[in-house]
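Q: Quick one: sequence plus predicted model below, questions after.
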Amino acid sequence: MIIEIWTKEKYADNEEKALVERLSRAGLPVKSAKLSRLYNVDAPWPQQEFARLGADLLADRLTEKYSLSKRPGTGGLYRVEVWLKRSATDVIGESVKEAIHDMTGRAPAGVRFGRAYYIEGAGRGTRDAVRKLKEVVSKTLANEIVQTINIAGPGVRGAGAV
Amino acid sequence: MKDLFSKFASLSEKELVGLDKAYGWSLSAAELLQARDYFRKLKRQPFRGELESLAQTWSEHCKHKTFSGPVKFHSGGKVKKYRNLFKETIVRATKELNRPWCLSVFKDNAGIVEFGSDKKWGLAFKAETHNHPCAVEPYGGAETGVGGVIRDILGVGLGAKPVLNTDNFCFGRLDSKAKLPKNALGAERIFRGVVDGVRDYGNRMGIPTAAGGIYFDEGYLLNPLVYVGCVGLIPVDKIEKRVRPGDLIVSIGGRTGRDGIHGATFSSANIDEETSASAVQIGHAINEKKVLDVIMRARDRGLYDALTDCGAGGFSSAIGELGAETGAHVRLENAKLKDTRIEPWEIWVSESQERMILAVPPKKLPALEDVLNAENCEYCVLGEFTSNGRLLVTFNSEAVVDLPMDFLHGGVPNVEKAASFHPPAVSRRPPAAGRPHLKMLEELLSHPNICSRHSVITQYDHEVQGGTVIKPLQGRYGDGPGDAAVIWPHSATGNVRDHSGFAVAHGFQPAAGRIDPYLMAVYSVDEAVRNLLCAGSEISRAAILDNFCAASPRDPEVMGGLVLAAEGCYDAAIGYGAPFISGKDSFYNQSKDAAGKDYPIPLSLLISAIAPVEDVRLAITADLKTAGDPVYLAGITGKGMGGSVYNELHDTGNNYLCPVDIKAAVRLYGALLKAIKTGCVSAAHDVSQGGLAVTLAEMAFSGGLGAELDLASALAEKGVGELELLFGESPSRLVLEVRKEKEKEFLRLLKGLPAARLGFVRDTRELEVRLDGERLLKGNVFTLKRRWKRDLL
């Protein structure tokens, strides 16, 4: 189960503006961009257990929201996921795994940490636009030596096709 | 290649070199031949673990072969030979100075000097570089760099408590238009990742990051430099450590995995597109915090005889060093692993982070286990130190390494390196001005090498432990620049009645090094000592670290620059009376861009300086304090615009570097320290990048006050023009705000020394600078501040 956490819209201006500027400096002018944290919790638990982790452990109730499905309000945007490769030690994932054990008394099989970026206005759907997006993401938001990039959205066949 | 490996002892030089490349050892041909001949004598083939151990122990990163090897230096038709460049320059200065307050130098993980009024404490200081890992994965590289230098402090003597982290970075220009090779990361990406890594590791460890600098130059585009330092406090009776035969080898902290294989040998190689992902190291600050807590408790209970950190080379390096005088038997099957799909030799050389090795008397193991369990810190007993002088590493019944310590540590061949130096053309013609002075001042203030670092500094926790007296951002509004950090380490001493503290500052002058490496070194020491003085610290007790970074030392010109800089270090250390207590070097910092253009870094020497502050309550900052106070310029302005930031913005046609009169500087600094300690001086700031105009502007806007000044009274070398007065960067100068009621006393203390009153602090918002009554520039201090306070990130 992937638990997605993001800053509430009213507090997110600075981080979103900074992301737009970084993409722009890297050669990808975009209309808007949003970002989330992702926790892939590997455990055969019921939905409400993951909801509890999202609400009580991973999100700051005052400034953040969580979701167990794709973040609402992001239809039509490119969704870029950046994950550490399986071969790279995931320190945040390990810490969250320990925290889940401390909170619930049960440890999941594993936790991996990643980030999601939602990007609007990146050429919408053309093959060139997706290639450019991938190129800019790999230059600015990820390091493909230790991370993988998955892109979904207009013009991308199947989730994670890049 | 496996076939070739199995015939190692009978291979030709060409075959050995091919094997080296395939296995990633970074050994030279001479070293490969030495190893081959050794196994020939033994009439057996080596184990993989043995060659990995030799590659690691003999690596540039661990052995410092370039700096501590023989050099033949040709310059100006003369030849000078060094048997050991490091010992004949850096170490020699320390030996000749022979300071009784140097408690441990050049023999442990960090240098240690005496600290505190009761002489019960030692101050340990170490700076490292983590350049290659940061070029490949900036976040992980910076994190593990910080983690590594903290472990150096934890592993010095029987363990020091870290109280301050330092960070100094060099990056390519953020506006660089160079086309990068396929796998290279851009300067902004590296910058952001490095800052994030330093922030996350330091903050999570609970250690303040409060001193450092950032420097941008196109030469660092493909090879960033990431200097990380740490200061710790250690009781003087815990400085000596000694492994005893029979002591158990106990590894504490993180588990061992495949991450970081070949880190030490990778650090001794050029970065290219083939760089392996396994060289990337991942940091885990929480694990290291557990290790820190265990060591502090176990040290005070005397539960081990010695310890060191697992740095580059992992177990191989740490156990090899600790057992160098005794011998060791290591049983790798006892290691705690992250991943069981790992070869025994990989366990031996893995550079998984957050591990330390302790030499524990068997009867003390149960008590140590109690501490480890209480802190939830993992550990394993890997074997024991022996008395046979051999390193025996086994995995169950399989031998991984079986070598005498003598060969491992003393077998590396000494190869003489050629060095030469051809100085660049130097022009001493009168410098030509660029745009109007105020316009140039504004451009200088927003230059990336001068502008505010607040967007980086504010990400770091510089207050944790509650002892940061002089902070990295200073002044009336808490956002002005400073010269040194002052720390009151009461959290380590537990004594809030003792107001002894220490100051840390840096000197870094690569632009000068492009013209004259010798002067670069002298400038850097002068700048570091002057920065310490600006905070009011005891510069007669200053101790310094050298961190050299350079391109490939196989290039004789690179070696030539290194020789000159090392000679500069010797002269400056002797002249300023500041012994080197520790240091580190990093070579092969060069790569090619997409067009095949070589990007060697400029010769880079970071001088980190530390000195006691008798009473932290009397430390001073750089911001102007009181309207009506006189403003003095101490020191003599010399000719030349060489190495200046002004020259980068507008080529004046003059690149001359003014020499340093070290004796005169020491006399001046000594008198100024007395003036500061007697309360005559309320603000001090060194004249460095951007020159006097930038120094004055920074002091004014940090204090929110103006000043009316006339440079006619400034003491200057004959023929110095207004451009050199305003923007020249000649050394050994400071600007001081003198308390008007103490001006007479100040002048008495400075009698016969070069200090001239330029004018007064004014309760206005204008900085006005004249020369013989004629206005050179006049600007609103808050406008100047806006130009300076730009976001780098």
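A: Yep, it's here.
Q: three-state assignment of the closest residue to chain A within the stretch 201-350 of chain B?
A: Among all residues of the stretch 201-350 of chain B, residue B:282 sits closest to chain A, at 4.2 Å; criterion: Cβ to the nearest Cβ. Every residue, glycine included, has its C-beta placed from N, CA and C. Recorded secondary structure, residue B:282: coil (DSSP: H, G, I helix; E, B strand; the rest coil).
Q: check contacts around it.
A: Taking Cβ atoms under 8 Å, 6 or more residues apart in numbering or on different chains, we find residue B:282 in contact with A:88, A:89, A:91, A:146, B:140, B:143, B:144, B:259, B:260, B:353.
Q: Looking at the residues you listed, which is nearest residue A:109?
A: residue A:89 (16.3 Å; Cβ to Cβ).
Q: Residue 109: neighbouring residues, count only.
A: Chain wasn't specified; assuming chain A. 9 (other Cβ atoms under 10 Å in any protein chain shown).
Q: oops, I was thinking of chain B
A: Other residues close to residue B:109 by other Cβ under 10 Å number 24.
Q: in what helix or strand does it lie?
A: Here residue B:109 is covered by no helix or strand, with elements defined by DSSP states H and E.
Q: didn't it look like it was pressed against residue B:153?
A: Yes. With contact defined as Cβ atoms under 8 Å, residue B:109 counts as touching residue B:153 (7.3 Å).
Q: overlap in contacts of the two?
A: residue B:126.
Q: ok so, going back, skipping its backbone neighbours, what lies nearest the residue of the stretch 201-350 of chain B closest to chain A in space?
A: Distances taken as Cβ to Cβ, 6 or more residues apart in numbering or on different chains place residue A:89 nearest to residue B:282, at 4.2 Å, with adjacent residues excluded.
Q: show me what contacts residue B:727?
A: If you count contacts by Cβ under 8 Å, 6+ apart, residue B:727 has them with B:440, B:444, B:641, B:644, B:646, B:690, B:691, B:692, B:693, B:694.
Q: Next, the fifth one: secondary structure please.
A: At residue B:646 the chain is in helix, as set by three-state DSSP.
Q: Need the per-residue pLDDT for the residue nearest to it when sequence neighbours are not counted.
A: Nearest in space to residue B:646, with sequence neighbours left out and distances taken as Cβ to Cβ, 6+ apart, is residue B:727 at 4.2 Å. Per-residue pLDDT puts residue B:727 at 98.
Q: And for residue B:136?
A: 88.
Q: How about chain A: which residue is closest to chain B?
A: Among the residues of chain A, residue A:89 lies nearest to chain B; the distance is 4.2 Å by Cβ to the nearest Cβ.
Q: That residue belongs to a strand, doesn't it?
A: No. Looking at residue A:89 with three-state DSSP, it is coil, so not inside a strand.
Q: Quick check: the spatially most central residue of chain A vs residue B:248, distance?
A: Centroid-nearest residue in chain A: residue A:116, 2.0 Å away (criterion: Cα atoms, centre = their mean). Distance from residue A:116 to residue B:248, counting by Cβ to Cβ, to the nearest Å: 48 Å.
Q: ok, which residues in the stretch 301-450 of chain B are in contact with chain A?
A: For the stretch 301-450 of chain B, the residues in contact with chain A (Cβ under 8 Å from any Cβ of the partner chain) are residue B:338.
Q: where do the helices sit along the stretch 301-450 of chain B?
A: Along the stretch 301-450 of chain B, counting by DSSP state H, counting those that start in this stretch, helices occupy B:314-322, B:344-349, B:365-374, B:405-410, B:437-445.
Q: pull the CA atoms of the second one into CSV?
A: Okay, so that is helix B:344-349. Only the C-alpha atoms of helix B:344-349 are listed here, as CSV (Å, rounded to 0.1, in the frame of the first residue of the first chain):
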residue,chain,number,x,y,z
PRO,B,344,33.5,-12.6,2.4
TRP,B,345,36.0,-10.1,0.8
GLU,B,346,33.1,-7.7,0.3
ILE,B,347,32.3,-7.8,4.0
TRP,B,348,36.0,-7.1,4.7
VAL,B,349,36.2,-4.0,2.5
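Q: Lowest mean pLDDT among the helices and strands of chain A, which one is it?
A: helix A:127-140 (a mean of 86; mean pLDDT, DSSP states H and E).
Q: coming back round to it: pLDDT value on the residue of the stretch 201-350 of chain B closest to chain A, please?
A: 77.
Q: Return the residues of chain A in contact with chain B.
A: Counting by Cβ under 8 Å from any Cβ, the residues of chain A near chain B are A:22, A:25-26, A:85, A:87-89, A:91, A:94-95, A:139-140, A:143, A:145-146.
Q: ok, of the residues you listed, which one's closest to residue B:207?
A: Among the residues of chain A next to chain B, residue A:91 lies closest to residue B:207 (Cβ to Cβ), at 17.7 Å.
Q: quick one, what contacts that closest one?
A: Under the criterion of Cβ under 8 Å, 6+ apart, the neighbours of residue A:91 are B:282, B:283, B:284, B:286.
Q: out of the residues you listed, which are buried?
A: Using 16 or more other Cβ atoms under 10 Å in any protein chain shown as the burial test, the contacts of residue A:91 include B:282, B:283, B:284 as buried.
Q: hang on, the second one packs against residue B:141?
A: When you say that, I think you mean residue B:283. No. Using Cβ under 8 Å, residue B:283 is not in contact with residue B:141, being 9.0 Å away.
Q: what sits in contact with each of those two?
A: Common contacts of residue B:283 and residue B:141 (Cβ under 8 Å, 6+ apart): residue B:197.
Q: which residue ranges form the helices in chain A?
A: Assigned helices in chain A, in chain order: A:13-25, A:47-53, A:91-104, A:127-140 (criterion: DSSP state H).
Q: Which neighbouring elements make contact with the shortest one?
A: Helix A:47-53 sits against strand A:32-42, helix A:91-104, with contacts defined as 3 or more Cβ pairs under 8 Å, 6 or more residues apart in numbering or on different chains; DSSP states H and E.
Q: how about those in JSON lines, adding distance to residue B:295?
A: Shown next, in JSON lines, are the helices and strands packed on helix A:47-53 (distance: least, Cβ to Cβ, whole Å):
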{"stretch": "strand A:32-42", "distance to residue B:295": "32"}
{"stretch": "helix A:91-104", "distance to residue B:295": "21"}
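Q: Pick the most buried one from those.
A: Highest mean neighbour count of the helices and strands packed on helix A:47-53: strand A:32-42, a mean of 20 (counted as mean count of other Cβ atoms under 10 Å in any protein chain shown).
Q: picking up where we left off before, quick one: which of the contacts of residue B:727 is nearest to chain A?
A: Here the nearest of the contacts of residue B:727 to chain A, counting by Cβ to the nearest Cβ, is residue B:444; it sits at 23.7 Å.
Q: Sweet, I'm off.
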